[in-house]
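Enquirer: The following block contains a protein sequence and its predicted model.
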Protein chains: 2
Amino acid sequence: MSTALDFMLAARRSEMQGLQALALTCQLVSEISRLVHALQRERGFSNMYLGGQAERYRQPLDELSATSSACAERVRKAFNRMDIEHGCGADKARLFTRVAFVLHGLDALPAVRRRVRAQQISAQDATRSFTRLIAGLLAVVFEAADTAVDPRVTRALVAMFNFMQGKELAGQERAIGVSGFIAGYFDQTQRDKLAYLEDAQRRCFDTFIEFADPDSKRHWLTLCSEELVGEIARLRQVAARTNEQSQVQAAMGELWFELTSQRIDSMKQVEDDLADKLQLMCEHSTSQAKADLDSQRRLLKRLNSLDDEANTPAARLYNVQATELDPLPGERLGNHVQRSVLEVLHEQTVRLQQLHDELENARRSLSERKTIERAKGVLMTQQGLSEEEAFRALQSAAMERSQKLCDVAQTILNYDALLKTPVTRPGPR
Amino acid sequence: MSTALDFMLAARRSEMQGLQALALTCQLVSEISRLVHALQRERGFSNMYLGGQAERYRQPLDELSATSSACAERVRKAFNRMDIEHGCGADKARLFTRVAFVLHGLDALPAVRRRVRAQQISAQDATRSFTRLIAGLLAVVFEAADTAVDPRVTRALVAMFNFMQGKELAGQERAIGVSGFIAGYFDQTQRDKLAYLEDAQRRCFDTFIEFADPDSKRHWLTLCSEELVGEIARLRQVAARTNEQSQVQAAMGELWFELTSQRIDSMKQVEDDLADKLQLMCEHSTSQAKADLDSQRRLLKRLNSLDDEANTPAARLYNVQATELDPLPGERLGNHVQRSVLEVLHEQTVRLQQLHDELENARRSLSERKTIERAKGVLMTQQGLSEEEAFRALQSAAMERSQKLCDVAQTILNYDALLKTPVTRPGPR
């Protein structure tokens, strides 16, 4: 039969397993960050290649594809290190489903590349393939942040996720900019999309600033004051003024591509820093937790040192614990151990509760984002709106009612749930 | 290397493991319900025994102790069936810590019984030992409800937990009533405590009614209209009017004990029904989930049936998936399978998200209760209030500000957290 001590040690082991999984998660997020960056570059160059610059971009594109493949291999290896045998519950099921989606996308990548080289795919479709895969990779980071067990690491993962998302939106903006400038002008849909992407980037980086460590925040704010940012802003204004009647030179496309690529590369520096810090933080949390849990190990040692007086540690524990209410002469040590057991149990309960509270706080921003994304999805499906129109609709509803964006989003989801048949399964009677 | 399919199956396995753990949890909760009832009876009879009725209550008390021990053995066995090797993360750590606390309490029980028999313990201290153990058992049910993975089962567990808690408060009321009536009167502290217990019971049963299935709710409301309830209410009024100057006959103690015991025994019927329904519901959810997940099994089968055309299933999957963008003649079937993979992935994502939302809703009442309990704890420690005074303070603060009880409680916790040094560990730099 398992004893109180077995369960105390099991609780400790659960926590340690959670932290070890966290170390793997942090590594995985670093690898994903590299792969996303490589795919973003490959997407950009594929666009240039398909935009009539095949000669010039063939070799760099091949190199970028090779880099992406190497990064993808590392991500696959990181996936492989996940414990898929003993993941219990719906949280893990969500994460694994996201991973399956990514692996599925990676498997399809060679075919996309062949069709790009053969120019058998439009720039738009190629972009869509890369964008879908990147979105899948970001979803893995999101679920990883949502299932991490350490509040500090969770905050860092929330910062990282938002930064990666902001950078990806910058990448999408680069892609649309390239095709618009090469065509000479932007139509209404493209101009709306550009405005939306600019706005959405700002929100991501705002959340990043809220959750990032001071150094990364400072690093990012320095980058935001660079001349480059002003130049990109001027090109955005140019793009917004174009239409079929008032076009610009196709060469603007290359300038836009150069500038936005520089900007994205400098974002990558911040992201690399974030990944390194995440790794350090994770190691630190793990070793700190090991130290925190030493009191239990000491307790176990003390109990074991009494072993020569009894047959089994279980019998010993039983005796020792009985002393609280039934003190026998000469069992002073036992009495002392007894108090330790209760103290350790109490400390552990309080500590786990505090961990839980801090985690809830860090995760709130993730859950707000999820609510907003899903409400957008409902508006897009039900009202046939585009992503940017759906977001605008949410925004103006929030303004009108002076409510928070995520409260309006929640109202929409609640209403949507009302309209649908309940998912709850019919009961046994 | 793990494939997309491996991860899809891992997600499926995680869900099934979660549901299997749920079946164990439901069994455990049934066993705990039996043990709690036995301990409540043993506590009541120990009180009568220590209250000067040793002769008359010795034999029934010994029988009740034997029943409790048998129930405890079954609870230990249920604990033993838990997978303590692979419990990952802080949730499991919380549950295991609660279990350790209970095992520790069970180990101490024989000594309590010896001291009761030898009349070497006050009725108050004996009551406290039993009450602490029962609180520990209820905490296990609470954590079990909080970590269950099925929304319907979670709702049933929330109903069950609140009912058990209400019944336990009725048991505590019985114990205080017995000692007060035997003494002939209740002092101010005891009268406050009785008023608090009556109020707290009402809140528990209100939450029970909110979450219970219609049958159990009806069953309970029928019991609430029984004559017995009126008689107990009259005795409560008698108790509230007593004081040192105006006493009642000690024989009232036995009447009170009889009536409240009858009431608690009829509560046990509702609880037994709840436990049976929980079991059924759990079996139903598990088999339903197995059916839901059949589409994946069918997919796997279809992929396997293509095995003779390729070397490994992984290579096959790769080929099949590549067809989305690179269709080759004669790969129609592959194309079909390809769509299925994405469909299954999409359905799974949507389903897991809906599960998550429903779970959040069912868990909200648990988290509100936890917030209120913890705020009460803060007020008790910091302002030296009793449990009932702390609750009154929360109540009147909520009334004054027209806020919800749990919002006021949250404000108190936030303020308390502000005063304390942050738990967050210092970073690597």
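Expert: Happy to help now that I have it.
Enquirer: quick one, what contacts residue A:24?
Expert: Contact analysis of residue A:24 by C-beta atoms under 8 Å, 6 or more residues apart in numbering or on different chains lists A:78, A:81-82. C-betas here are computed from N, CA, C, even on glycine.
Enquirer: From chain B, how far out is it?
Expert: According to C-beta to the nearest C-beta, to the nearest Å, residue A:24 and chain B sit 12 Å apart.
Enquirer: Now the element after the helix or strand where residue A:170 lies, going C-ward?
Expert: According to DSSP states H and E, residue A:170 maps onto helix A:151-183. Remark: after helix A:151-183, the chain's next helix or strand is helix A:188-211, criterion DSSP H and E.
Enquirer: ok, and what's touching that next one?
Expert: Under C-beta under 8 Å, 6+ apart, the answer for helix A:188-211 is A:155-156, A:158-159, A:162-163, A:165-166, A:169-170, A:172-173, A:176-177, A:180, A:186, A:217, A:220-221, A:236, A:239-240, A:362, A:365, A:369, A:386-389, A:391.
Enquirer: now those: which count as buried?
Expert: Among the contacts of helix A:188-211, those that count as buried by neighbour count (16 or more other C-beta atoms under 10 Å in any protein chain shown) are A:155-156, A:158-159, A:162-163, A:165-166, A:169-170, A:172-173, A:176-177, A:180, A:186, A:217, A:220, A:236, A:239, A:362, A:365, A:369, A:387-389, A:391.
Enquirer: among the residues you listed, which are in reach of chain B?
Expert: When contact is defined as C-beta under 8 Å from any C-beta of the partner chain, these do not meet chain B at all.
Enquirer: where are the low-confidence patches of chain A?
Expert: A:86-90, A:292-345, A:347-348, A:417-429 (pLDDT under 70).
Enquirer: Please parse it into its domains.
Expert: As assigned by automatic domain parsing, chain A contains the domains A:4-291, A:293-419.
Enquirer: ends of the longest one, how far apart?
Expert: Start and end residues of domain A:4-291 are separated by 22 Å (C-alpha to C-alpha, to the nearest Å).
Enquirer: before we move on, back to that, just the closest of the contacts of residue A:24 to chain B, please.
Expert: Within the contacts of residue A:24, the smallest distance to chain B is 8.0 Å, found for residue A:82 (C-beta to the nearest C-beta).
Enquirer: Need the winner for burial among the domains of chain A.
Expert: With neighbours taken as mean count of other C-beta atoms under 10 Å in any protein chain shown, these reach their highest mean count in domain A:4-291, at a mean of 19.
Enquirer: follow-up on the earlier one: can you say which of the domains of chain A is nearest to residue B:255?
Expert: domain A:293-419 (31.5 Å; C-beta to C-beta).
Enquirer: Just want the angle from the helix holding residue A:170 to helix A:188-211.
Expert: Computed by axes from the mean of the first three to the mean of the last three C-alpha atoms, to 10 degrees, the angle separating helix A:151-183 from helix A:188-211 equals 160 degrees.
Enquirer: so what secondary structure elements neighbour helix A:151-183?
Expert: helix A:4-50, helix A:123-147, helix A:188-211, helix A:227-241, helix A:252-292, helix A:332-383 (3 or more C-beta pairs under 8 Å, 6 or more residues apart in numbering or on different chains; DSSP states H and E).
Enquirer: And the third one, how far out from the chain middle?
Expert: Centroid displacement of helix A:188-211 relative to its chain, using C-alpha atoms, centre = their mean, to the nearest Å, is 18 Å.
Enquirer: just the CA coordinates of the very next helix or strand once past that helix, formatted as PDB?
Expert: Downstream of helix A:188-211, the first helix or strand assigned by DSSP H and E is helix A:214-224. Extracted in PDB, the C-alpha atoms of helix A:214-224 (Å, rounded to 0.1, in the frame of the first residue of the first chain):
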ATOM      1  CA  PRO A 214      13.500  44.800 -18.700                       C
ATOM      2  CA  ASP A 215      16.600  44.100 -20.900                       C
ATOM      3  CA  SER A 216      14.600  42.700 -23.800                       C
ATOM      4  CA  LYS A 217      12.100  45.600 -23.500                       C
ATOM      5  CA  ARG A 218      14.900  48.100 -23.600                       C
ATOM      6  CA  HIS A 219      16.500  46.300 -26.600                       C
ATOM      7  CA  TRP A 220      13.200  46.400 -28.500                       C
ATOM      8  CA  LEU A 221      12.400  50.100 -27.700                       C
ATOM      9  CA  THR A 222      15.900  51.000 -29.000                       C
ATOM     10  CA  LEU A 223      15.200  49.200 -32.300                       C
ATOM     11  CA  CYS A 224      11.900  51.100 -32.500                       C
END
